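Student: Return a 3D structure for these sequence lines:
(one chain, ligands or ions: 1)
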Amino acid sequence: MTLDDKNQNDILSSELINSYDIEYVFSDKPINRIKIKPKVENKSKLLENLREKISNIDNCEFKNHATQMVFSDGNSESPIMIVGEGPGQKEDVIGKPFVGDAGLLLNKMLKAINIDRNNIYITNVVNYRPPNNRKPEPAEITRYSNFLREHISIIDPKILILMGSTAMEALFGSKIKITKERGAWKEVIVNQKTYLTMITFHPAYLLRQPDQKKYSWSDLKAIGKKIDELGLKI
Ligand code: URA
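Tutor: This next block holds a predicted model:
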């Protein structure tokens, strides 16, 4: 092999390694020569980039009327990620998801299965308050679902909880009904990775329809059981 061939090979193999988007650490030991470094330190950078990308959205009625972006709350290292619909009036003022009445109910629901909301990660499909809290249109859900997919890939949760029909539609489309789909474990593929997912009722819906809380409780118990089965540390 000539020196030129060798240089060419080195360039090709480093291009291959870089194309995997994985940080490799080489060691001298004969086994475990390649270790995959956790991307923890990348996460906040990726989240910052995503926040920036969302802030650059144009021709968006939500952004044009909102006070500020509501990006997320909680622990980005958590194995549990909750997705709601979009900020309401209080969230728009405070800049955090689920801090109004629906948020208070969400906190109680989580507490019922021994989860402190600060230990999980919470976001919404749309990151700016829809005027008069209207439900996002399908085209708006689709537009924001691209950001949501990226968000899920960055957080990389073990369990994804979709609260309400907007969150369900963002990942499963609008042809299905939440009353039929809630409560069953499903898989959703986001950027070539499969995520274990539970669709459940939105807390704001439960405030309007308290008789539906029994279904929500059954979903929460299933989530608690799965957390135990998977040995997740929350
Ligand atoms: N409802 C949502 O879906 N998200 C919030 O952040 C608040 C209310």
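Student: tell me the helices in this structure, going along the chain?
Tutor: Here the chain has its helices, by DSSP state H, at 3-19, 40-55, 61-65, 89-94, 101-112, 138-155, 165-172, 178-181, 203-208, 213-229.
Student: Now do the contacts for Asp116.
Tutor: For Asp116, the contact set (CB atoms under 8 Å, 6 or more residues apart in numbering) comprises Leu110, Ile234. All C-beta atoms are positioned from the backbone trio N, CA, C, and that covers glycine.
Student: same question, Lys63
Tutor: Residues in contact with Lys63 (CB under 8 Å, 6+ apart) are Ile57, Met69, Tyr128.
Student: Show residues contacting the lengthiest strand in the chain.
Tutor: Selection of the longest strand in the chain by residue count, based on DSSP state E, yields strand 193-200. Strand 193-200 is contacted by residues 152-153, 156-163, 167-168, 171-172, 178, 181-189, 215-216, 219-220, 222-223, 226 when judged by CB under 8 Å, 6+ apart.
Student: Around the ligand, which positions in the protein sit nearby?
Tutor: Neighbours of the ligand within the chain, by CB under 6 Å from any ligand atom: 84-88, 91, 97-98, 100, 102-103, 124, 204.
Student: Among these, the buried ones, what's the PyMOL command?
Tutor: Buried residues within the residues of the chain next to the ligand, by 16 or more other CB atoms under 10 Å, are selected in PyMOL with:
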select buried, resi 84+85+86+87+88+91+97+98+100+102+103+124+204
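Student: Including pLDDT, could the residues of the chain next to the ligand go into TSV?
Tutor: Shown next, in TSV, are the residues of the chain next to the ligand (pLDDT from 0 to 100):
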residue	pLDDT
Gly84	98
Glu85	98
Gly86	98
Pro87	98
Gly88	98
Glu91	98
Pro97	98
Phe98	98
Gly100	98
Ala102	98
Gly103	98
Asn124	98
Ala204	98
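Student: now the residues of the chain next to the ligand as JSON lines including distance to Leu46?
Tutor: Shown next, in JSON lines, are the residues of the chain next to the ligand (distance: CB to CB, whole Å):
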{"residue": "Gly84", "distance to Leu46": "21"}
{"residue": "Glu85", "distance to Leu46": "24"}
{"residue": "Gly86", "distance to Leu46": "22"}
{"residue": "Pro87", "distance to Leu46": "22"}
{"residue": "Gly88", "distance to Leu46": "27"}
{"residue": "Glu91", "distance to Leu46": "23"}
{"residue": "Pro97", "distance to Leu46": "19"}
{"residue": "Phe98", "distance to Leu46": "23"}
{"residue": "Gly100", "distance to Leu46": "28"}
{"residue": "Ala102", "distance to Leu46": "28"}
{"residue": "Gly103", "distance to Leu46": "26"}
{"residue": "Asn124", "distance to Leu46": "18"}
{"residue": "Ala204", "distance to Leu46": "30"}
